[in-house]
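Peer 1: Whatever this is, show me its structure:
(chains A and B)
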Amino acid sequence: DTGVTQSPTHLIKTRGQQVTLRCSPISGHKSVSWYQQVLGQGPQFIFQYYEKEERGRGNFPDRFSARQFPNYSSELNVNALLLGDSALYLCASSLITANYGYTFGSGTRLTVV
Amino acid sequence: QQQVKQSPQSLIVQKGGISIINCAYENTAFDYFPWYQQFPGKGPALLIAIRPDVSEKKEGRFTISFNKSAKQFSLHIMDSQPGDSATYFCAASMKDNFNKFYFGSGTKLNVKP
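Peer 2: Residues are numbered from 1 along each chain as shown, chains lettered A, B, ... in the order given. Next up is the predicted model:
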């Protein structure tokens, strides 16, 4: 069991650019969720995907999008980056629903300059 | 609007003491209440969780107390150790989507040797 793997670990982008973050869930986990954690705050829910379909969306602008692949890995895309998008982006996986176990990755630290 | 309110923001406890972190919520649709521990540079890790039909749950040195009528729940860390120094987050989710967590703002715990 290698845990939830996220890449890259750190990233620096310029305002207006686009970024893609990647997540590989624990083997056998079919649900992947994305959270944004701004420094000093609790994580905020962005998306949840289960069996390649979007099952939940948080209060984020359309600049944020995601998808899940047949192997259950996932990508989070953010377009037209703003300084306020600087945060730790966390991916979490679970078998089906999080009340049976929700494991977070170590995150991708995105800095927008 | 913060759906889950957490206090205190920071806490200093002597080794061997009891650490107590409190959370409150308004939405009675919440049905699952986990606590997460986060070390710097890492993703949150599940400590212990409770459903609203139980008033208390204990796992080792960690205990959740749940007061459904007051819409409050708390984490007690008995015999606190320097290795417990981390940021703690309470969270809540609803039956219609257990994967959409609403996190509190976090409590930074420092256990002095």
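Peer 1: Can you list the buried residues in stretch B:61-74?
Peer 2: By neighbour count with 16 or more other Cβ atoms under 10 Å in any protein chain shown, stretch B:61-74 contains the buried residues B:62-66, B:73-74. Where C-beta positions appear, they are placed from N, C-alpha and C, glycine not excepted.
Peer 1: B:Asp79 reaches B:Gln14, doesn't it?
Peer 2: No: the criterion here is Cβ atoms under 8 Å, and B:Asp79 misses it with B:Gln14 at 11.0 Å.
Peer 1: Give the residue spans of chain A that score low on pLDDT.
Peer 2: Regions of chain A meeting the criterion pLDDT under 70 cover residues A:1, A:97-101.
Peer 1: those strands in it, which residues are they?
Peer 2: Secondary structure of chain A by DSSP state E: the strands cover A:5-7, A:10-13, A:19-24, A:31-37, A:44-50, A:53-57, A:64-68, A:74-78, A:87-94, A:103-104, A:108-112.
Peer 1: Out of those strands, flag the one nearest chain B.
Peer 2: Closest of those to chain B is strand A:103-104, at 3.4 Å (criterion: Cβ to the nearest Cβ).
Peer 1: For the closest one, name the packing helices and strands.
Peer 2: Packed against strand A:103-104, as judged by 3 or more Cβ pairs under 8 Å, 6 or more residues apart in numbering or on different chains; DSSP states H and E, are the following elements: strand A:87-94.
Peer 1: try 10 Å this time
Peer 2: Strand A:103-104 sits against strand A:31-37, strand A:87-94, strand B:45-50, with contacts defined as 3 or more Cβ pairs under 10 Å, 6 or more residues apart in numbering or on different chains; DSSP states H and E.
Peer 1: Would you mind putting those strands into TSV with mean neighbour count and distance to A:Gly107 alongside?
Peer 2: Formatted as TSV, the entries for the helices and strands packed on strand A:103-104 read as follows, by neighbours: other Cβ atoms under 10 Å in any protein chain shown; distance: least, Cβ to Cβ, whole Å:
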stretch	mean neighbour count	distance to A:Gly107
strand A:31-37	26	7
strand A:87-94	25	4
strand B:45-50	17	12
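Peer 1: Indicate which one of those strands is closest to A:Cys23.
Peer 2: With distances scored as Cβ to Cβ, the stretch of the helices and strands packed on strand A:103-104 nearest to A:Cys23 is strand A:87-94 (3.4 Å).
Peer 1: Spatially nearest residue to the one residue sitting closest to the centre of chain A (excluding sequence neighbours)?
Peer 2: Among the residues of chain A, the smallest C-alpha distance to the mean C-alpha position (Cα atoms, centre = their mean) belongs to A:Trp34, namely 3.2 Å. The spatially closest residue to A:Trp34, leaving aside those adjacent along the chain, is A:Ile46, at 4.3 Å (Cβ to Cβ, 6 or more residues apart in numbering or on different chains).
Peer 1: ok, now which ones touch that neighbour?
Peer 2: Contact partners of A:Ile46, counting by Cβ atoms under 10 Å, 6 or more residues apart in numbering or on different chains, are A:33-36, A:56-60, A:64-66, A:76, A:78, A:89-91, B:100.
Peer 1: what residue ranges in chain B score low on pLDDT?
Peer 2: B:1.
Peer 1: That one: strands as residue ranges?
Peer 2: Taking DSSP E as the test, the strands found in chain B are B:4-7, B:10-14, B:19-25, B:30-38, B:45-50, B:56-59, B:62-67, B:72-77, B:86-94, B:97-103, B:107-112.
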